[in-house]
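>>> the following block contains a protein sequence and its predicted model.
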Amino acid sequence: MNLQTFGFNSYFKKEFDKYKEEGCIVGRVALEHKRMYRVWTEEEELLCEISGKLSFNAASREDYPAVGDWVVIKTRDGENRGIIRAVLPRMSKFSRKAAGTNIEEQIVAANVDTIFLVNSLNDDLNLRRIERYLLLSWESGANPVIILTKADLCNDLDDKLAMVEAIAMGVPVVSISVVDESGFDRLQPFLLPGKTIALLGSSGVGKSTLTNYLLGNEKQKVQTIREGDDRGRHTTTHRELILLPQGTVLIDTPGMRELQLWESETGLAESFTDIEGLAEECKFRDCTHINEPGCAVHAAIEDGQLDNQRLTSYKKLQRELAYFERKQNKRAQVEEKKRWKKISTDVKQNR
């Protein structure tokens, strides 16, 4: 396939040019499994592993390939295998804190143009969760679009659309139904050849059903909604690149039961432009929006212009980011000590 078909552009070409003389080729990571990678190249799909040098020099998870990355490969003659020598600089990346207590980044998708934030219009619709996804989407460098699925099951569609649009801050909001085949015309402007879209959302919101519809087949297994809690069942088990018929690259991802923040200070300002704008009108520049006189944020709440729950969510996310920053600084100090200890050990061994 032509590299441009799955997203290779002038930015990546310029970054790859320096490796051409080394006899390497370029490819895009389509799937990762236990540090083994399936990579799309112009000639074929290769099974690759990372080089020892790349692994040795990797300071964190960010330095390893992720699904959507463009990588530099040295092929093995006569085999459908290769060694990943380098990861080309990313244009965008959607990251979250990895599950667990360790402070570690998990790159969900790399080099994405548009993020489809998929949510279901059943009883599982959660505005606070959408705010989190928007925050991380803005931080990623990609453009978010909110997709509301299962519109055929929603009896108060207009009310729910209004609720979501109130927190979307200018982000497109599209309701769709695979059953009625409605709303898909509004997705077409994003489904362009050579562009990459990531599907993100909780388990069972309809990402696999949406993927199947866009593909025109049953590639992704779909399960029915569970009885009792009105939630869909988890189906996708790994991140994977999928090439749609029109030439758009789709990254389908497993449902996220946990979405912890990762370096999202800029995204916070983008996601809460309403509160940030009101804060500029507060009497005191360091207003905490609690009980200070002349607080424009609380005045907006009293006037019914702003939902108090949105302010609560904003403050909660601020606290999480502050806590995360403190943990990050502490971790950076520990990692720096480890790095110098390793350098010192290597020097002694090479004497």
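Sure, I can see it.

>>> okay, now the unreliable bits of the chain?
96-105, 123, 217-237, 254-267, 323-351 (pLDDT under 70).

>>> domains of it?
Described in terms of automatic domain parsing, the domain architecture of the chain consists of the residue ranges 3-87, 93-252, 272-345.

>>> strands of the stretch 51-200 of the chain, residue ranges please.
Assigned by DSSP state E, counting those that start in this stretch, the strands in the stretch 51-200 of the chain fall at 70-75, 81-87, 93-97, 105-110, 114-120, 143-149, 173-175, 196-200.

>>> ok, the shortest one: who's next to it in the sheet?
In this case it means strand 173-175. Note on strand 173-175: by DSSP bridges, its sheet partners are strand 143-149 (parallel).

>>> how about residues contacting the partner strand?
Residues outside strand 143-149 that contact it (Cβ atoms under 8 Å, 6 or more residues apart in numbering): 113-121, 125, 130, 133-134, 137-138, 160-161, 164, 168, 171-178, 187, 190, 205-206, 209-210. Yep, even glycine has a C-beta here, placed from its N, CA and C like the rest.

>>> for residue 42, what is the enclosing helix or strand?
Counting by DSSP states H and E, no helix or strand carries residue 42.

>>> count the residues that sit near it.
Neighbourhood size, residue 42 [other Cβ atoms under 10 Å]: 14.

>>> one more: residue 301?
Other residues near residue 301 come to 18 when the count uses other Cβ under 10 Å.

>>> show me what contacts it?
Per Cβ under 8 Å, 6+ apart, neighbours of residue 301: 307, 308, 311.

>>> so what sits opposite residue 73 in the bridge?
Listed beta-bridge partners, residue 73: residue 25, residue 84 (assigned using DSSP bridges).

>>> and the helices in the protein, which stretches?
Assigned by DSSP state H, the helices in the chain fall at 10-16, 52-57, 127-140, 157-168, 207-215, 265-271, 273-279, 296-302, 308-349.

>>> and those helices as a markdown table, adding distance to residue 286?
Output for the helices of the chain, formatted as a markdown table (distance: least, Cβ to Cβ, whole Å):
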| stretch | distance to residue 286 |
| --- | --- |
| helix 10-16 | 41 |
| helix 52-57 | 43 |
| helix 127-140 | 23 |
| helix 157-168 | 25 |
| helix 207-215 | 42 |
| helix 265-271 | 17 |
| helix 273-279 | 10 |
| helix 296-302 | 13 |
| helix 308-349 | 13 |
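
>>> quick one, which of those helices gets closest to residue 92.
Among the helices of the chain, helix 127-140 comes nearest to residue 92, with 5.2 Å by Cβ to Cβ.

>>> so what does the closest one touch, helix or strand wise?
Applying 3 or more Cβ pairs under 8 Å, 6 or more residues apart in numbering; DSSP states H and E, one finds that helix 127-140 contacts strand 93-97, strand 114-120, strand 143-149, helix 157-168, helix 265-271, helix 308-349.

>>> nearest approach to residue 23 belongs to which of the helices of the chain?
With Cβ to Cβ as the criterion, residue 23 lies closest to helix 10-16 of the helices of the chain, at 12.7 Å.
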